[in-house]
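Student: Sequence and predicted structure, then a few things I'm wondering about:
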Amino acid sequence: MPWIQLSVEVSGDQIKAVVDALEEMGSQATTQENAGEESYFDLAHPAEPKWDRQRVSGLFEDQGNPDILLKQLMKQTSFINDVEIIQLQDQDWETAWLDQYQPIEITPQLWVYPGWETPPETIDTVIKIDPGMAFGTGTHETTRLCMQILAEMDIRACSVIDYGCGSGILGITALKLGASRAVGVDIDPKAEIVSRENALINGVASRFTIQSAAEAGTQMFDIVIANILAYALIDLAPALTKLVKPDGVIILSGILAHQADDVIAAYAPHFVFERFEESEWVALSGQKLLNPIHA
């Protein structure tokens, strides 16, 4: 049968209302895509919107009533003023949706694969992550940079914490590269659920735990990873620094190139950093100093 797709671009605080409206109207499939920059779960400023712009789409059976559907959506979400209506021919929509997500090369021997794809045996390390609502599937530069840094390190038997874990991809990557245990911290309840599921799918659930920031704050780790936003990294500098063992490593990402110096300055007394870049994004890998530098 033919289908009608309604799509609308909205800001972060409007997303839930649009998704709820489409589902109440009988949408057969409701999807969310980035319409601007990547989304983040921000530990330091949880009250602020976590999304920039999103395109939300609903799929409906075509019964010759696009105007009725449009009026329903506009009535339930009065803030909408521009809805795209597309008439679509019949096809296997689940297969079409899955086909959008392809394997991602991080390094020649480290790849991210969706769960329905079978990787070749020649790849040493494969991370299985399905697209979902929690941030972190390997598609964004900030995530790839962190994974590349981990792949270049010898992290066998290391303890790792991912502060702002999202999908759990970075902690899972560390475990599959040889880390002994990984802890994930995130303020979003969905992140806890998704991270646990992904750890199970990747066969590392027994070594992956989710903890609160308070619980994690009583420990120290060989490697601390925080892929969030620059101002959050700056605000969290004292807390994240305390998590790093003497002579341990901190990996900071989610930083635009023009913000890197400010982030480095916040951590500089305790770390010496190496800088990694992709497009306009920067990740920092810092070695903790046994004797902090005092100005």
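Tutor: Received the coordinates, thanks.

Student: Which stretches in the stretch 101-250 of the chain count as strands?
Tutor: Under the criterion DSSP state E, counting those that start in this stretch, strands of the stretch 101-250 of the chain are mapped to 104-107, 110-113, 125-128, 159-163, 181-185, 208-210, 221-227, 244-256.

Student: Report the residue spans of the stretch 101-250 of the chain with pLDDT below the cut-off.
Tutor: 101, 131-139 (pLDDT under 70).

Student: Need the strands of the stretch 101-250 of the chain in JSON lines (columns: distance to residue 267 and mean neighbour count).
Tutor: For every residue, glycine as well, the C-beta is placed using N, CA and C. Listed next are these as JSON lines, based on distance: least, CB to CB, whole Å; neighbours: other CB atoms under 10 Å:
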{"stretch": "strand 104-107", "distance to residue 267": "25", "mean neighbour count": "16"}
{"stretch": "strand 110-113", "distance to residue 267": "26", "mean neighbour count": "22"}
{"stretch": "strand 125-128", "distance to residue 267": "27", "mean neighbour count": "21"}
{"stretch": "strand 159-163", "distance to residue 267": "13", "mean neighbour count": "26"}
{"stretch": "strand 181-185", "distance to residue 267": "18", "mean neighbour count": "24"}
{"stretch": "strand 208-210", "distance to residue 267": "25", "mean neighbour count": "20"}
{"stretch": "strand 221-227", "distance to residue 267": "11", "mean neighbour count": "26"}
{"stretch": "strand 244-256", "distance to residue 267": "7", "mean neighbour count": "21"}
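
Student: Reformat these into TSV and put distance to residue 233 next to each item.
Tutor: Shown next, in TSV, are the strands of the stretch 101-250 of the chain (distance: least, CB to CB, whole Å):
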stretch	distance to residue 233
strand 104-107	22
strand 110-113	24
strand 125-128	24
strand 159-163	9
strand 181-185	14
strand 208-210	21
strand 221-227	6
strand 244-256	5
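
Student: Next, the contact list for the nearest residue to residue 208 once chain neighbours are set aside, please.
Tutor: Spatial nearest neighbour of residue 208, excluding adjacent residues (CB to CB, 6 or more residues apart in numbering): residue 199 at 3.9 Å. Counting by CB atoms under 8 Å, 6 or more residues apart in numbering, residue 199 makes contact with 168, 171, 172, 175, 205, 208.

Student: ok, 6 Å please
Tutor: 168, 172, 205, 208 (CB atoms under 6 Å, 6 or more residues apart in numbering).

Student: Out of those, which sit inside helices?
Tutor: Taking DSSP state H, the ones among the contacts of residue 199 that sit in helices are residue 172.

Student: quick check, nearest of the contacts of residue 199 to residue 79?
Tutor: residue 168 (33.6 Å; CB to CB).
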